[in-house]
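J.: heads up, no residue letters with this:
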Ligand SMILES: NC(=O)c1ccc[n+]([C@@H]2O[C@H](COP(=O)([O-])OP(=O)(O)OC[C@H]3O[C@@H](n4cnc5c(N)ncnc54)[C@H](O)[C@@H]3O)[C@@H](O)[C@H]2O)c1
Ligand SMILES: O=C(O)C(=O)C[C@@H](O)[C@H](O)[C@H](O)COP(=O)(O)O
Ligand SMILES: [Zn+2]
């Protein structure tokens, strides 16, 4: 695969998503193109797993091109999206002498991207930010400017909209990704099909085996398509006044699972995989979706080795309470993104809580 470029159209804040194998070595040139000159002091935020593979090669490229960079390494995992880690990064930014012309580079998966992006959004009221995704899931998280940390009571409850200046996606990094994280990434790839493109879902199904083996040509196509679906929606509705909420398919359930398990048992992709199945089940139960949508959704996710069954010990009542803290809830009324058909979803309000509870209780009983 060559280098592919997509644009997120947002007027003067438009930016490119550059996707290619081995792109890390072009990072300095891509920063210059995005308006981040070597006079800007950088803070690279990464996690301990990603640092082992990619931090030194990135530092070498940056140094060779005259950039000065401070590296901040956080523990791997969702628990780093916390106020404590955020505060530590702020302290590092101040001590490293970052100023208003500085930029934060997020080198990692969605955890690093969301966390580093929130640091960039709030440091000195906002400085430049670059996404360098290293997971498959981050084809979603690196695009669109939602940046956030978690609260023990709810996922991404402390955050901002802060768009990156450029997304530099070196797909070579995916070769060191553990298979569990590959699966998690496919949850968001499948989601992009389920919300916007039935033909893409067919294509994913036909090519699942090769995609799972990370065939670079096919994986590149899946990433481009996922990014294109997301970029189109974000360009229309940057701050989620309407249709951006469609990107939340499965997330009201999924985020509740993540928060109730203290961000430690299920990863995000696994949680939303189960959530997308529940959304399909609710949609069929209220007669919103045609029969068969649930079975197809479940089959697609299982093809990519994702969980689809109720997460162990969680109580449906506790899940429902946690779901009400979702950002789409207004005036205490839940809003769920539900499929009408494969490739077509809508936001649905006023679903009886008892019905949602009933579906969840059936799942617990298996
Ligand atoms: N902002 C958004 O629009 C958006 C969209 C989707 C998800 N998210 C957020 O993204 C987060 C999940 O992101 P994620 O799944 O990338 O998780 P992650 O960042 O925790 O990465 C998953 C694991 O893979 C490791 N890793 C990352 N890249 C690697 C590589 N190339 N080689 C080896 N190991 C590597 C990490 O250290 C970590 O252990 C969640 O917090 C979710 O809420 C945000
Ligand atoms: O970008 C969006 O909009 C999304 O909903 C993408 C989701 O995959 C992502 O998990 C996002 O962080 C969820 O946002 P939230 O507003 O529900 O926290
Ligand atoms: Zn998500």
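T.: Cool, got the structure. If you're wondering where the values come from, they're calculated on a predicted model, not measured in any experiment. Ligands and ions are numbered 1, 2, ... in the order given.

J.: Look up which helix or strand the spatially closest residue to residue 207 that is not a sequence neighbour falls in, please.
T.: The spatial neighbour of residue 207 that comes closest, neighbours along the chain excluded (Cβ to Cβ, 6 or more residues apart in numbering), is residue 218 at 5.3 Å. C-beta coordinates here come from the backbone N, C-alpha and C atoms, glycine included. Here residue 218, judged by DSSP states H and E, is contained in helix 216-236.

J.: tell me which parts of the stretch 251-366 of the chain are close to ligand 1?
T.: Contact residues (Cβ under 6 Å from any ligand atom) of the stretch 251-366 of the chain with ligand 1: 267, 268, 269.

J.: Go again with 8 Å.
T.: 255, 258, 267, 268, 269 (Cβ under 8 Å from any ligand atom).

J.: Now the second one: phi and psi?
T.: Backbone geometry at residue 258, expressed as degrees, to the nearest 10, gives phi -60, psi -50.

J.: Contacts only, for it.
T.: Going by Cβ atoms under 8 Å, 6 or more residues apart in numbering, residue 258 touches 78, 150, 155, 266, 268, 271.

J.: if we go to 6 Å?
T.: By Cβ atoms under 6 Å, 6 or more residues apart in numbering, the contact set of residue 258 is 155, 271.

J.: For the residue nearest to the spatial centre of the chain, give its distance to residue 113.
T.: Centrality entry for the chain: nearest residue to the mean C-alpha point is residue 141, 3.0 Å, by Cα atoms, centre = their mean. As judged by Cβ to Cβ, to the nearest Å, residue 141 and residue 113 stand 5 Å apart.

J.: Then residue 99?
T.: Computed as Cβ to Cβ, the residue 99 to residue 113 distance reads 23 Å.

J.: cool, residue 19 as well?
T.: Using Cβ to Cβ, residue 19 is found at 15 Å from residue 113.

J.: Who has more neighbours out of these two?
T.: More neighbours surround residue 113 than the other of residue 19 and residue 113, with 29 against 23 (other Cβ atoms under 10 Å).

J.: element containing the more buried one, please.
T.: Per DSSP H and E: residue 113 is located in helix 110-122.

J.: next SSE after that helix?
T.: In N-to-C order, the element after helix 110-122 by DSSP H and E is strand 128-133.

J.: strands paired with that following strand, and their directions?
T.: Using DSSP bridges, the strands paired with strand 128-133 in its sheet are strand 103-108 (parallel), strand 166-170 (parallel).

J.: now the following helix or strand past it: how far from the chain's centre is it?
T.: Moving toward the C-terminus from strand 128-133, the next helix or strand (DSSP H and E) is helix 138-141. How far helix 138-141 lies from its chain's middle: 4 Å, per Cα atoms, centre = their mean, to the nearest Å.

J.: Show me what the helix holding residue 113 is packed up against.
T.: Counting contacts by 3 or more Cβ pairs under 6 Å, 6 or more residues apart in numbering; DSSP states H and E, helix 110-122 packs against strand 42-47, strand 103-108, strand 128-133, helix 138-141, strand 146-151.

J.: Alright, that wraps it up for me.
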